[in-house]
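J.: this is the structure alone, sequence omitted:
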């Protein structure tokens, strides 16, 4: 009787012997893999099968006193808010004075250099540094207004050709185009204003002046009324002086000056005007 396929498979299947069985059979079993397992082999097998120890917690060594002559200085970020506020204030003040027609100035192109460098680039850098210190609101506000001043400078910059595009038959469209430009920034400023209810009184006041300035300048451009444009310039000046005040307060506080300017902290006041402290409303407020 010939062997079946299953019998042949069982005949030629090789199974790896168990080390414990090899130890029981000894070295005289005739198998090439069978040998006596000594204590060293057991130690290696148990060490290999044992679970790996838990990693030690990561700790940072204080190295400030390791080399007193050459201490290790960890990098710190300063307060970029004064730079952004001063850049915004100086450029806004110049534009507001031009709209008010101080010294009978009617051409505001002198603000281009200021808008590019101080109001635009410096404010944009302040916004990027605000991201580094974790202040999302300040970063968004400074970066946005820095972009506004750069865009406004490009509009007034003669090589850009933007103003020349509205010459001739399309001269009447320039005021409407500027009105739409200012309307967009009025909406952006209004959104920023709603985010200042828990910051400070002066910051809320600043955004109020900015919103009214954009609104009046927008209306003045749409209706082509010089008186409304002058009123918008007045609010620009008020916003600039407020920004100067906040920038000075931030700068003096960061420098540890003796004279600290009050800003009217609103962090403990809710939107509804009830004083909140420790998560509870003060009913007597």
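T.: Received it, and whenever you're ready, just let me know what you need. For clarity, every value in this text was computed on a predicted model and none was experimentally measured. Residues are numbered from 1 along each chain as shown.

J.: what helix or strand is the nearest residue to residue 242 once chain neighbours are set aside on?
T.: Distances taken as C-beta to C-beta, 6 or more residues apart in numbering place residue 206 nearest to residue 242, at 4.4 Å, with adjacent residues excluded. All C-beta spots, glycine's among them, are computed from the backbone N, C-alpha and C. Element membership for residue 206, per DSSP states H and E: helix 201-223.

J.: let me see the mean pLDDT of the helix or strand following that helix.
T.: Later in the chain than helix 201-223, the nearest helix or strand by DSSP H and E is helix 226-255. What helix 226-255 shows for mean pLDDT is 91.

J.: hmm, back to that, my guess is the residue nearest to residue 242 meets residue 244, correct?
T.: No - in this structure, residue 206 is not within contact of residue 244 by C-beta atoms under 8 Å, at 10.1 Å.

J.: which residue ranges of the stretch 51-200 of the chain form helices?
T.: Here the stretch 51-200 of the chain has its helices, by DSSP state H, counting those that start in this stretch, at 81-99, 111-114, 123-133, 136-156, 173-194.

J.: mean confidence for the second one?
T.: Looking at helix 111-114 alone, the average pLDDT works out to 88.

J.: for residue 192, what are its contacts?
T.: Residues near residue 192 by C-beta atoms under 8 Å, 6 or more residues apart in numbering: 140, 141, 144, 207, 210.

J.: tabulate those residues (a markdown table), appending neighbour count, distance to residue 110 and pLDDT.
T.: Converted to a markdown table, the contacts of residue 192 look like this (neighbours: other C-beta atoms under 10 Å; distance: C-beta to C-beta, whole Å; pLDDT from 0 to 100):
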| residue | neighbour count | distance to residue 110 | pLDDT |
| --- | --- | --- | --- |
| 140 | 17 | 29 | 93 |
| 141 | 28 | 26 | 94 |
| 144 | 17 | 24 | 95 |
| 207 | 21 | 26 | 95 |
| 210 | 28 | 22 | 95 |
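
J.: out of those residues, the closest to residue 197 would be?
T.: Nearest to residue 197 out of the contacts of residue 192 is residue 207 (C-beta to C-beta; 10.2 Å).

J.: can you tell me the closest non-neighbouring residue to that closest one?
T.: residue 193 is the one closest to residue 207 (C-beta to C-beta, 6+ apart), at 3.9 Å.

J.: how close does that neighbour get to residue 99?
T.: According to C-beta to C-beta, to the nearest Å, residue 193 stands 21 Å off from residue 99.

J.: the two: which is more packed in?
T.: Using other C-beta atoms under 10 Å as the criterion, residue 193 and residue 99 rank with residue 99 on top: 25 against 17.

J.: show me the contacts for the nearest residue to the more buried one once chain neighbours are set aside.
T.: Once flanking residues are discounted, residue 99 sits nearest to residue 233: 2.8 Å by C-beta to C-beta, 6+ apart. By C-beta under 8 Å, 6+ apart, residue 233 lies in contact with 95, 96, 97, 98, 99, 100, 213, 217.

J.: again, 10 Å this time
T.: For residue 233, the contacting residues are 92, 95-102, 108, 213, 216-217, 220, by C-beta atoms under 10 Å, 6 or more residues apart in numbering.

J.: of the residues you listed, closest to residue 122?
T.: Looking across those and measuring by C-beta to C-beta, the closest to residue 122 is residue 92, at 13.1 Å.

J.: residue contacts, the closest one?
T.: 111, 114-115, 119, 145, 149, 209-210, 213, 233, 235-244.

J.: measure the nearest residue to residue 126 once chain neighbours are set aside to residue 243 for me?
T.: Leaving aside its chain neighbours, residue 126 sits nearest to residue 84 (3.2 Å; criterion: C-beta to C-beta, 6+ apart). According to C-beta to C-beta, residue 84 stands 9 Å off from residue 243.
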